[in-house]
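K.L.:
Prediction below, plus the sequence it came from.
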Amino acid sequence: MPRVKKEEQPEKKPRKKTKPIQAVKGMKDILPPEQYVWDHILENSRKMCQDFGFGRIETPIVENTELFKRGVGQVTDIVEKEMFSFETQGGDKVSLRPEGTAGVVRSYIENGMSRWSQPVRLYYEGSMFRYDKPQQGRYREFHQFGAEVLGEDSPAIDAQVIYLAWKIFQKIGIKDVSVQINSIGCATCRAKYKKLLTDYYDMKINKLCVDCKRRLEKNPMRLLDCKEDKCMQVAAGAPQIIDNLCPDCHDHFKSVLEFLDELEISYVLNSNLVRGLDYYTKTVFEIWAEGDDSESRQTALGGGGRYDGLVGLLGGEETPAVGFSFGTERVAEKVMKMNLNLEPKITKDVFLVQLGDLARRKVMKVFDKLIDTDITVGESFGRGSIKSQLRTANKVRAKIALIVGQKEALDGTVIARDMKSGMQETVIVEDVVKEVRRMLRK
(Lines give C-alpha, C1' and ligand atoms only; values in the text may rest on other atoms or scores of the structure.)
Protein backbone atom coordinates (compact mmCIF):
# COMPACT_ATOMS: atom_id res chain seq x y z
CA MET A 1 0.00 0.00 0.00
CA PRO A 2 1.47 3.37 -1.03
CA ARG A 3 2.48 5.62 1.81
CA VAL A 4 0.29 8.69 2.11
CA LYS A 5 2.19 11.87 2.67
CA LYS A 6 1.08 13.88 5.64
CA GLU A 7 -0.41 17.14 4.44
CA GLU A 8 1.86 19.99 5.31
CA GLN A 9 0.34 22.53 7.66
CA PRO A 10 0.75 26.17 6.68
CA GLU A 11 3.22 27.97 8.90
CA LYS A 12 1.48 30.14 11.48
CA LYS A 13 2.47 33.77 11.38
CA PRO A 14 3.02 35.47 14.72
CA ARG A 15 0.05 37.60 15.65
CA LYS A 16 0.76 41.27 15.21
CA LYS A 17 0.47 43.14 18.48
CA THR A 18 -2.33 45.69 18.44
CA LYS A 19 -1.11 49.18 19.13
CA PRO A 20 -2.85 50.57 22.23
CA ILE A 21 -5.07 53.63 21.77
CA GLN A 22 -3.89 56.62 23.74
CA ALA A 23 -5.66 59.76 24.90
CA VAL A 24 -5.93 62.54 22.32
CA LYS A 25 -2.95 64.90 22.43
CA GLY A 26 -3.48 67.58 25.03
CA MET A 27 -6.12 65.61 26.95
CA LYS A 28 -5.48 63.69 30.16
CA ASP A 29 -7.10 61.30 32.59
CA ILE A 30 -7.77 62.40 36.16
CA LEU A 31 -6.95 59.30 38.20
CA PRO A 32 -8.22 58.36 41.69
CA PRO A 33 -5.18 59.72 43.62
CA GLU A 34 -5.77 63.13 41.99
CA GLN A 35 -9.51 63.02 42.57
CA TYR A 36 -8.98 63.52 46.32
CA VAL A 37 -7.25 66.83 45.51
CA TRP A 38 -9.91 67.86 42.97
CA ASP A 39 -12.70 67.04 45.43
CA HIS A 40 -10.96 69.12 48.09
CA ILE A 41 -10.61 72.11 45.73
CA LEU A 42 -14.12 71.99 44.28
CA GLU A 43 -15.97 71.19 47.50
CA ASN A 44 -14.33 74.13 49.29
CA SER A 45 -14.92 76.44 46.30
CA ARG A 46 -18.60 75.47 46.06
CA LYS A 47 -19.10 75.90 49.81
CA MET A 48 -17.47 79.33 49.81
CA CYS A 49 -19.57 80.52 46.84
CA GLN A 50 -22.75 79.28 48.50
CA ASP A 51 -21.79 81.09 51.72
CA PHE A 52 -21.44 84.28 49.65
CA GLY A 53 -24.94 83.80 48.17
CA PHE A 54 -24.02 82.41 44.73
CA GLY A 55 -26.20 79.89 42.90
CA ARG A 56 -24.81 77.23 40.57
CA ILE A 57 -25.29 77.44 36.81
CA GLU A 58 -24.37 74.94 34.10
CA THR A 59 -24.07 76.11 30.50
CA PRO A 60 -23.57 73.95 27.38
CA ILE A 61 -20.07 72.89 26.37
CA VAL A 62 -20.94 73.78 22.74
CA GLU A 63 -21.98 77.35 21.89
CA ASN A 64 -22.36 79.37 18.70
CA THR A 65 -18.92 80.52 17.53
CA GLU A 66 -20.26 84.08 17.19
CA LEU A 67 -20.72 84.22 20.97
CA PHE A 68 -16.97 84.04 21.54
CA LYS A 69 -16.02 86.20 18.56
CA ARG A 70 -18.21 89.01 19.86
CA GLY A 71 -17.67 88.39 23.56
CA VAL A 72 -14.05 87.33 23.95
CA GLY A 73 -12.78 89.48 21.05
CA GLN A 74 -11.62 88.91 17.48
CA VAL A 75 -8.04 90.03 18.19
CA THR A 76 -7.32 87.57 20.99
CA ASP A 77 -5.24 84.40 20.94
CA ILE A 78 -8.32 82.42 21.97
CA VAL A 79 -10.43 83.41 18.95
CA GLU A 80 -7.60 83.70 16.43
CA LYS A 81 -5.89 80.36 17.00
CA GLU A 82 -7.09 78.47 20.09
CA MET A 83 -10.78 77.57 19.56
CA PHE A 84 -12.08 74.14 18.62
CA SER A 85 -14.60 75.27 15.99
CA PHE A 86 -16.59 73.22 13.49
CA GLU A 87 -19.73 73.26 11.37
CA THR A 88 -22.68 71.03 12.22
CA GLN A 89 -24.55 68.93 9.65
CA GLY A 90 -27.19 71.65 9.66
CA GLY A 91 -24.61 74.29 8.77
CA ASP A 92 -24.37 75.98 12.19
CA LYS A 93 -20.93 77.27 13.14
CA VAL A 94 -20.24 76.21 16.72
CA SER A 95 -17.28 75.98 19.09
CA LEU A 96 -16.32 74.10 22.23
CA ARG A 97 -16.33 76.74 24.93
CA PRO A 98 -12.84 78.19 25.56
CA GLU A 99 -13.91 80.03 28.74
CA GLY A 100 -16.96 80.34 30.98
CA THR A 101 -18.02 83.99 31.26
CA ALA A 102 -19.45 84.46 27.74
CA GLY A 103 -21.77 81.45 28.17
CA VAL A 104 -22.99 82.68 31.56
CA VAL A 105 -23.76 86.12 30.08
CA ARG A 106 -25.57 84.52 27.13
CA SER A 107 -27.69 82.56 29.63
CA TYR A 108 -28.34 85.70 31.70
CA ILE A 109 -29.77 87.43 28.61
CA GLU A 110 -31.62 84.43 27.16
CA ASN A 111 -33.30 83.44 30.42
CA GLY A 112 -34.40 86.95 31.39
CA MET A 113 -32.27 87.13 34.53
CA SER A 114 -32.31 90.94 34.29
CA ARG A 115 -35.83 90.64 35.74
CA TRP A 116 -34.52 88.78 38.77
CA SER A 117 -33.54 90.56 41.96
CA GLN A 118 -30.21 92.24 41.22
CA PRO A 119 -27.36 91.53 41.45
CA VAL A 120 -27.47 87.95 40.17
CA ARG A 121 -24.68 85.82 41.65
CA LEU A 122 -23.73 82.67 39.73
CA TYR A 123 -20.90 80.15 39.94
CA TYR A 124 -19.94 77.39 37.51
CA GLU A 125 -17.42 74.62 36.93
CA GLY A 126 -16.58 72.35 34.03
CA SER A 127 -14.50 71.55 30.97
CA MET A 128 -13.14 74.24 28.65
CA PHE A 129 -11.24 73.68 25.41
CA ARG A 130 -8.39 75.56 23.72
CA TYR A 131 -6.27 74.36 20.84
CA ASP A 132 -3.10 75.55 22.53
CA LYS A 133 0.31 73.89 22.52
CA PRO A 134 0.18 71.29 25.31
CA GLN A 135 2.70 71.95 28.06
CA GLN A 136 3.20 71.41 31.77
CA GLY A 137 -0.03 72.33 33.59
CA ARG A 138 -1.83 73.35 30.38
CA TYR A 139 -4.06 71.01 28.40
CA ARG A 140 -6.38 71.29 25.41
CA GLU A 141 -9.22 70.16 27.63
CA PHE A 142 -8.94 71.91 30.96
CA HIS A 143 -11.34 72.70 33.78
CA GLN A 144 -12.40 76.02 35.21
CA PHE A 145 -14.20 77.11 38.33
CA GLY A 146 -15.65 80.61 38.18
CA ALA A 147 -18.07 83.06 39.75
CA GLU A 148 -19.90 86.03 38.22
CA VAL A 149 -21.93 88.92 39.66
CA LEU A 150 -24.25 90.65 37.17
CA GLY A 151 -26.32 93.78 37.74
CA GLU A 152 -24.24 95.87 40.17
CA ASP A 153 -21.59 98.53 39.44
CA SER A 154 -20.51 99.31 43.02
CA PRO A 155 -16.76 99.05 43.69
CA ALA A 156 -17.74 97.14 46.83
CA ILE A 157 -18.75 94.23 44.56
CA ASP A 158 -15.32 94.28 42.85
CA ALA A 159 -13.72 94.03 46.28
CA GLN A 160 -16.13 91.29 47.36
CA VAL A 161 -15.33 89.17 44.29
CA ILE A 162 -11.58 89.60 44.92
CA TYR A 163 -12.17 88.72 48.57
CA LEU A 164 -14.13 85.60 47.53
CA ALA A 165 -11.29 84.46 45.23
CA TRP A 166 -8.71 85.13 47.96
CA LYS A 167 -10.84 83.34 50.54
CA ILE A 168 -11.25 80.26 48.32
CA PHE A 169 -7.48 79.85 48.02
CA GLN A 170 -7.08 80.31 51.77
CA LYS A 171 -9.71 77.63 52.37
CA ILE A 172 -8.05 75.25 49.90
CA GLY A 173 -4.79 75.66 51.82
CA ILE A 174 -2.83 77.93 49.45
CA LYS A 175 -2.26 80.74 51.91
CA ASP A 176 0.87 82.38 50.50
CA VAL A 177 -0.82 84.33 47.70
CA SER A 178 -0.81 87.94 46.53
CA VAL A 179 -3.49 89.94 44.75
CA GLN A 180 -2.12 91.66 41.63
CA ILE A 181 -4.51 94.46 40.65
CA ASN A 182 -4.88 97.21 38.06
CA SER A 183 -7.55 99.31 36.37
CA ILE A 184 -7.75 99.38 32.58
CA GLY A 185 -10.39 102.10 32.58
CA CYS A 186 -13.46 102.46 30.38
CA ALA A 187 -13.92 103.19 26.67
CA THR A 188 -13.56 106.94 27.33
CA CYS A 189 -10.16 106.93 29.03
CA ARG A 190 -8.84 103.91 27.12
CA ALA A 191 -9.11 105.74 23.77
CA LYS A 192 -6.67 108.41 24.95
CA TYR A 193 -4.41 105.85 26.59
CA LYS A 194 -4.26 103.62 23.49
CA LYS A 195 -2.99 106.61 21.49
CA LEU A 196 -0.20 107.18 24.03
CA LEU A 197 0.60 103.47 24.02
CA THR A 198 0.66 103.22 20.22
CA ASP A 199 2.98 106.23 19.95
CA TYR A 200 5.33 104.63 22.49
CA TYR A 201 5.40 101.22 20.83
CA ASP A 202 5.76 102.67 17.32
CA MET A 203 9.21 103.85 18.42
CA LYS A 204 10.06 100.35 19.76
CA ILE A 205 8.54 98.24 17.01
CA ASN A 206 11.82 96.59 16.02
CA LYS A 207 12.15 95.19 19.53
CA LEU A 208 8.75 93.44 19.51
CA CYS A 209 7.86 89.82 18.80
CA VAL A 210 5.87 88.91 15.67
CA ASP A 211 2.55 88.65 17.55
CA CYS A 212 2.98 92.04 19.21
CA LYS A 213 3.78 93.73 15.90
CA ARG A 214 0.46 92.38 14.62
CA ARG A 215 -1.46 93.36 17.74
CA LEU A 216 -0.12 96.91 17.79
CA GLU A 217 -2.60 98.15 15.20
CA LYS A 218 -5.79 96.52 16.56
CA ASN A 219 -5.23 95.91 20.28
CA PRO A 220 -2.15 97.72 21.65
CA MET A 221 -3.02 97.05 25.31
CA ARG A 222 -2.37 93.35 24.75
CA LEU A 223 1.32 94.19 24.26
CA LEU A 224 1.59 94.90 27.99
CA ASP A 225 0.57 91.29 28.70
CA CYS A 226 3.08 89.58 26.36
CA LYS A 227 5.30 87.02 28.11
CA GLU A 228 8.21 87.24 25.61
CA ASP A 229 11.32 88.53 27.44
CA LYS A 230 12.08 91.25 24.90
CA CYS A 231 8.49 92.49 24.94
CA MET A 232 8.41 92.53 28.74
CA GLN A 233 11.49 94.74 28.74
CA VAL A 234 9.79 97.19 26.38
CA ALA A 235 6.56 97.10 28.44
CA ALA A 236 8.47 98.11 31.57
CA GLY A 237 8.92 101.63 30.16
CA ALA A 238 5.44 102.01 28.66
CA PRO A 239 3.02 104.72 29.87
CA GLN A 240 0.74 103.47 32.66
CA ILE A 241 -3.02 103.56 32.28
CA ILE A 242 -3.52 104.25 35.98
CA ASP A 243 -2.05 107.71 35.31
CA ASN A 244 -4.55 108.26 32.49
CA LEU A 245 -7.88 107.21 34.01
CA CYS A 246 -10.96 109.40 33.66
CA PRO A 247 -12.37 110.80 36.97
CA ASP A 248 -15.09 108.11 37.18
CA CYS A 249 -12.66 105.22 36.66
CA HIS A 250 -10.11 106.80 39.03
CA ASP A 251 -12.70 107.13 41.83
CA HIS A 252 -14.00 103.61 41.22
CA PHE A 253 -10.54 102.07 41.45
CA LYS A 254 -9.66 104.15 44.53
CA SER A 255 -12.79 102.82 46.27
CA VAL A 256 -11.95 99.22 45.36
CA LEU A 257 -8.52 99.59 46.98
CA GLU A 258 -10.05 101.18 50.08
CA PHE A 259 -12.44 98.24 50.48
CA LEU A 260 -9.50 95.81 50.15
CA ASP A 261 -7.63 97.80 52.80
CA GLU A 262 -10.65 97.49 55.08
CA LEU A 263 -10.69 93.71 54.51
CA GLU A 264 -6.94 93.65 55.28
CA ILE A 265 -6.13 91.96 51.96
CA SER A 266 -2.68 92.93 50.75
CA TYR A 267 -2.36 93.73 47.06
CA VAL A 268 0.23 94.79 44.51
CA LEU A 269 -0.50 97.52 41.95
CA ASN A 270 0.58 95.93 38.68
CA SER A 271 0.46 98.46 35.84
CA ASN A 272 1.14 95.81 33.16
CA LEU A 273 -1.81 93.63 34.16
CA VAL A 274 -4.48 93.88 31.45
CA ARG A 275 -5.81 90.27 31.20
CA GLY A 276 -6.12 88.58 27.82
CA LEU A 277 -9.79 89.08 26.94
CA ASP A 278 -11.36 92.11 25.26
CA TYR A 279 -14.43 92.33 27.48
CA TYR A 280 -12.68 93.62 30.62
CA THR A 281 -13.20 97.19 31.89
CA LYS A 282 -12.00 99.04 34.98
CA THR A 283 -10.80 96.60 37.68
CA VAL A 284 -8.68 93.61 36.63
CA PHE A 285 -6.84 91.28 39.01
CA GLU A 286 -4.95 88.02 39.34
CA ILE A 287 -4.18 85.79 42.31
CA TRP A 288 -0.49 84.82 42.35
CA ALA A 289 1.04 82.08 44.45
CA GLU A 290 4.63 82.34 45.60
CA GLY A 291 6.81 79.69 43.93
CA ASP A 292 9.55 77.53 45.37
CA ASP A 293 13.14 77.21 44.15
CA SER A 294 12.17 74.67 41.49
CA GLU A 295 9.66 76.94 39.72
CA SER A 296 9.13 80.54 38.80
CA ARG A 297 8.80 83.02 41.62
CA GLN A 298 5.07 83.46 41.13
CA THR A 299 2.34 81.45 39.49
CA ALA A 300 -0.96 83.00 38.42
CA LEU A 301 -3.60 80.66 39.85
CA GLY A 302 -6.61 82.60 38.59
CA GLY A 303 -7.98 86.04 37.93
CA GLY A 304 -10.82 88.16 36.70
CA GLY A 305 -12.22 91.64 36.66
CA ARG A 306 -15.10 93.89 35.70
CA TYR A 307 -16.80 93.60 32.29
CA ASP A 308 -19.54 96.24 32.22
CA GLY A 309 -20.00 96.21 28.42
CA LEU A 310 -20.30 92.48 27.73
CA VAL A 311 -24.04 92.03 28.35
CA GLY A 312 -24.83 94.91 25.97
CA LEU A 313 -22.31 93.62 23.42
CA LEU A 314 -24.09 90.24 23.35
CA GLY A 315 -27.54 91.76 22.81
CA GLY A 316 -28.82 92.43 26.32
CA GLU A 317 -29.48 95.67 28.16
CA GLU A 318 -26.38 97.46 29.41
CA THR A 319 -25.55 95.65 32.65
CA PRO A 320 -22.51 96.06 34.92
CA ALA A 321 -20.77 92.80 35.87
CA VAL A 322 -17.65 91.42 37.52
CA GLY A 323 -16.25 87.93 38.03
CA PHE A 324 -13.25 85.64 38.34
CA SER A 325 -12.16 82.09 37.49
CA PHE A 326 -9.30 79.68 38.09
CA GLY A 327 -7.97 76.65 36.25
CA THR A 328 -8.53 73.55 38.35
CA GLU A 329 -5.52 71.69 36.89
CA ARG A 330 -3.13 74.48 37.82
CA VAL A 331 -4.53 74.79 41.35
CA ALA A 332 -4.49 70.99 41.79
CA GLU A 333 -0.86 70.88 40.69
CA LYS A 334 0.00 73.51 43.30
CA VAL A 335 -1.92 71.68 46.05
CA MET A 336 -0.23 68.34 45.24
CA LYS A 337 3.20 69.97 45.55
CA MET A 338 2.23 71.22 49.00
CA ASN A 339 1.73 67.66 50.35
CA LEU A 340 -1.41 68.52 52.31
CA ASN A 341 -2.18 64.81 52.90
CA LEU A 342 -5.71 65.06 51.53
CA GLU A 343 -6.30 61.34 50.91
CA PRO A 344 -9.22 60.45 53.17
CA LYS A 345 -8.70 58.02 56.03
CA ILE A 346 -11.01 55.20 54.94
CA THR A 347 -13.04 53.68 57.74
CA LYS A 348 -15.80 51.08 57.57
CA ASP A 349 -18.30 49.91 60.16
CA VAL A 350 -18.36 46.39 58.76
CA PHE A 351 -16.09 44.26 56.59
CA LEU A 352 -17.38 41.11 54.88
CA VAL A 353 -15.10 38.08 54.87
CA GLN A 354 -15.86 34.83 53.03
CA LEU A 355 -14.23 31.55 52.10
CA GLY A 356 -15.40 29.49 49.11
CA ASP A 357 -17.80 30.07 46.24
CA LEU A 358 -20.95 29.18 48.20
CA ALA A 359 -19.94 31.52 51.02
CA ARG A 360 -19.22 34.24 48.48
CA ARG A 361 -22.74 33.94 47.09
CA LYS A 362 -24.28 34.06 50.57
CA VAL A 363 -22.18 37.11 51.50
CA MET A 364 -23.68 38.91 48.51
CA LYS A 365 -27.05 38.63 50.27
CA VAL A 366 -25.58 40.06 53.48
CA PHE A 367 -24.00 42.88 51.45
CA ASP A 368 -27.40 43.66 49.94
CA LYS A 369 -28.99 43.91 53.41
CA LEU A 370 -26.32 46.28 54.72
CA ILE A 371 -25.79 48.53 51.68
CA ASP A 372 -29.33 49.93 51.99
CA THR A 373 -28.67 51.11 55.55
CA ASP A 374 -26.48 53.86 56.99
CA ILE A 375 -23.90 51.22 57.93
CA THR A 376 -20.68 51.57 55.89
CA VAL A 377 -19.53 48.29 54.35
CA GLY A 378 -16.23 47.04 52.97
CA GLU A 379 -15.64 43.75 51.18
CA SER A 380 -13.16 41.63 49.27
CA PHE A 381 -15.08 39.39 46.88
CA GLY A 382 -11.86 38.04 45.38
CA ARG A 383 -10.21 34.74 46.28
CA GLY A 384 -8.04 35.95 49.18
CA SER A 385 -7.60 33.86 52.30
CA ILE A 386 -9.51 34.73 55.46
CA LYS A 387 -6.22 35.95 56.96
CA SER A 388 -5.56 38.37 54.09
CA GLN A 389 -9.17 39.59 54.14
CA LEU A 390 -8.93 40.31 57.87
CA ARG A 391 -5.73 42.28 57.21
CA THR A 392 -7.70 44.40 54.73
CA ALA A 393 -10.43 44.84 57.35
CA ASN A 394 -7.80 46.24 59.73
CA LYS A 395 -6.51 48.63 57.04
CA VAL A 396 -9.96 50.19 56.65
CA ARG A 397 -10.37 50.29 60.44
CA ALA A 398 -13.48 48.09 60.36
CA LYS A 399 -15.19 47.77 63.73
CA ILE A 400 -16.87 44.45 62.92
CA ALA A 401 -15.95 41.58 60.60
CA LEU A 402 -18.78 39.40 59.32
CA ILE A 403 -17.29 36.02 58.41
CA VAL A 404 -19.00 33.36 56.28
CA GLY A 405 -17.33 29.98 55.69
CA GLN A 406 -18.68 26.73 54.25
CA LYS A 407 -20.53 25.80 57.46
CA GLU A 408 -22.11 29.25 57.90
CA ALA A 409 -23.15 29.29 54.23
CA LEU A 410 -25.03 26.01 54.71
CA ASP A 411 -26.54 27.07 58.06
CA GLY A 412 -27.63 30.56 56.91
CA THR A 413 -25.53 32.18 59.62
CA VAL A 414 -22.71 34.72 59.94
CA ILE A 415 -19.88 34.98 62.46
CA ALA A 416 -19.77 38.56 63.78
CA ARG A 417 -16.33 39.40 65.20
CA ASP A 418 -15.56 42.53 67.22
CA MET A 419 -12.26 43.60 65.63
CA LYS A 420 -11.05 45.37 68.76
CA SER A 421 -11.74 42.75 71.43
CA GLY A 422 -11.66 39.63 69.22
CA MET A 423 -14.97 38.48 70.72
CA GLN A 424 -17.32 36.86 68.21
CA GLU A 425 -20.80 35.40 68.03
CA THR A 426 -22.95 33.58 65.50
CA VAL A 427 -25.85 35.51 63.98
CA ILE A 428 -28.57 34.30 61.59
CA VAL A 429 -28.58 36.18 58.27
CA GLU A 430 -32.11 37.56 58.82
CA ASP A 431 -30.97 39.33 62.02
CA VAL A 432 -27.62 40.62 60.76
CA VAL A 433 -28.58 44.31 60.47
CA LYS A 434 -30.16 44.38 63.93
CA GLU A 435 -27.16 42.63 65.52
CA VAL A 436 -24.61 44.83 63.77
CA ARG A 437 -26.43 47.95 64.99
CA ARG A 438 -26.39 46.54 68.54
CA MET A 439 -22.67 45.80 68.38
CA LEU A 440 -21.90 49.25 66.96
CA ARG A 441 -23.79 50.91 69.82
CA LYS A 442 -21.62 49.03 72.28
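P.N.:
Yep, that arrived.

K.L.:
OK, contacts around the residue at minimal distance from the centre of the chain?
P.N.:
Centroid-nearest residue in the chain, with CA atoms, centre = their mean: residue 328, separated by 2.9 Å. Counting by CB atoms under 8 Å, 6 or more residues apart in numbering, residue 328 makes contact with 38, 41-42, 125, 142-145. Every C-beta, even on glycine, is put in place using the N, C-alpha and C of the backbone.

K.L.:
what about 10 Å?
P.N.:
30, 37-38, 41-42, 45, 125-128, 142-145, 302 (CB atoms under 10 Å, 6 or more residues apart in numbering).

K.L.:
Restricted to helices, list these.
P.N.:
Of the contacts of residue 328, the ones assigned to helices by DSSP state H are 37-38, 41-42, 45.

K.L.:
ChimeraX command for the buried members of the residues you listed?
P.N.:
This is how ChimeraX selects the buried members of the ones in helices among the contacts of residue 328, with burial counted by 16 or more other CB atoms under 10 Å:
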select :37,38,41,42,45
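
K.L.:
can I get the ones in helices among the contacts of residue 328 in CSV with distance to residue 60 and pLDDT?
P.N.:
Shown next, in CSV, are these (distance: CB to CB, whole Å; pLDDT from 0 to 100):
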residue, distance to residue 60, pLDDT
37, 27, 92
38, 22, 95
41, 24, 96
42, 20, 97
45, 21, 98
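
K.L.:
any idea which of the ones in helices among the contacts of residue 328 is closest to residue 133?
P.N.:
Closest approach to residue 133 among the ones in helices among the contacts of residue 328 (CB to CB): residue 38, at 24.1 Å.

K.L.:
The closest one against residue 333, yeah?
P.N.:
No: with contact defined as CB atoms under 10 Å, residue 38 and residue 333 do not form a contacting pair (11.1 Å).

K.L.:
Now do the SS call for residue 305.
P.N.:
Of the three states, residue 305 takes strand under DSSP: H, G, I helix; E, B strand; the rest coil.

K.L.:
any idea how far it is from residue 281?
P.N.:
Separation of residue 305 from residue 281 (CB to CB, to the nearest Å): 8 Å.

K.L.:
Which one's more surrounded, the two?
P.N.:
Using other CB atoms under 10 Å, the more surrounded residue of residue 305 and residue 281 is residue 305, with 27 against 23.

K.L.:
Who does the more buried one form a beta bridge with?
P.N.:
residue 284, residue 323 (DSSP bridges).

K.L.:
Measure how far the one helix or strand residue 436 maps to is from the centre of its chain, please.
P.N.:
According to DSSP states H and E, residue 436 maps onto helix 432-441. Here helix 432-441 is found 41 Å from its chain centre; the criterion is CA atoms, centre = their mean, to the nearest Å.

K.L.:
same deal with stretch 53-61?
P.N.:
14 Å.

K.L.:
And the average pLDDT for that stretch is what?
P.N.:
Average pLDDT, stretch 53-61: 98.

K.L.:
end-to-end on it?
P.N.:
Taking CA to CA, to the nearest Å, stretch 53-61 runs 25 Å from one end to the other.

K.L.:
What lies in contact with that stretch?
P.N.:
Contacts for stretch 53-61 (CB under 10 Å, 6+ apart): 46, 48-50, 94-97, 100, 102-108, 111, 113, 119-129, 141, 146-149, 160, 164.

K.L.:
in stretch 44-58, what's buried?
P.N.:
For stretch 44-58, a neighbour-count test (16+ other CB under 10 Å) marks 44-46, 48-49, 52, 54, 57 as buried.

K.L.:
Repeat that for stretch 412-425.
P.N.:
In stretch 412-425, counting by 16+ other CB under 10 Å, buried: 413-417, 419.

K.L.:
Contacts for it next, please.
P.N.:
Taking CB under 10 Å, 6+ apart as the rule, stretch 412-425 contacts 350-354, 359, 362-363, 365-366, 390, 393-394, 397-405, 407-408, 426-432, 435-436, 438-439, 442.

K.L.:
Check the separation of the first and last residues in that stretch.
P.N.:
The first and last residues of stretch 412-425 sit 14 Å apart, counting by CA to CA.

K.L.:
swap in stretch 205-216?
P.N.:
9 Å.

K.L.:
That one: how far from the chain's middle?
P.N.:
Stretch 205-216 has its average C-alpha position 33 Å from the chain's average C-alpha position, going by CA atoms, centre = their mean.

K.L.:
next one: stretch 199-213
P.N.:
36 Å.

K.L.:
Got the phi and psi for the nearest residue to residue 273 once chain neighbours are set aside?
P.N.:
Leaving aside its chain neighbours, residue 273 sits nearest to residue 182 (4.2 Å; criterion: CB to CB, 6 or more residues apart in numbering). Residue 182 adopts backbone torsions of phi -160, psi 170, taken as degrees, to the nearest 10.

K.L.:
quick check: domain ranges of the chain?
P.N.:
Taking automatic domain parsing as the reference, the chain has its domains at 32-186+246-337, 350-441.

K.L.:
can you tell me which of the ones you listed comes nearest to residue 234?
P.N.:
domain 32-186+246-337 (10.7 Å).

K.L.:
re the thing from before, in PyMOL, how would I select just the buried ones from the contacts of stretch 412-425?
P.N.:
Buried residues within the contacts of stretch 412-425, by 16+ other CB under 10 Å, are selected in PyMOL with:
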select buried, resi 350+351+352+353+354+359+362+363+366+390+393+398+399+400+401+402+403+404+405+408+427+429+432+435+436+439
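
K.L.:
quick one on the thing from earlier: what is in contact with residue 305 and residue 281 at once?
P.N.:
Common neighbours of residue 305 and residue 281 (CB under 10 Å, 6+ apart) are 183-184, 321-322.

K.L.:
now, which of those residues sits nearest residue 69?
P.N.:
Using CB to CB, those come closest to residue 69 at residue 321, 19.2 Å.

K.L.:
residues contacting the closest one?
P.N.:
101, 104-105, 108, 119-120, 148-153, 157, 279, 281, 305-311.

K.L.:
For the stretch 201-350 of the chain, give me the ranges with low pLDDT.
P.N.:
By pLDDT under 70, the low-scoring segments of the stretch 201-350 of the chain are 276-277, 291-298, 343-345.

K.L.:
where do the strands sit along it?
P.N.:
Along the stretch 201-350 of the chain, counting by DSSP state E, counting those that start in this stretch, strands occupy 267-269, 281-290, 298-306, 321-327, 350-354.
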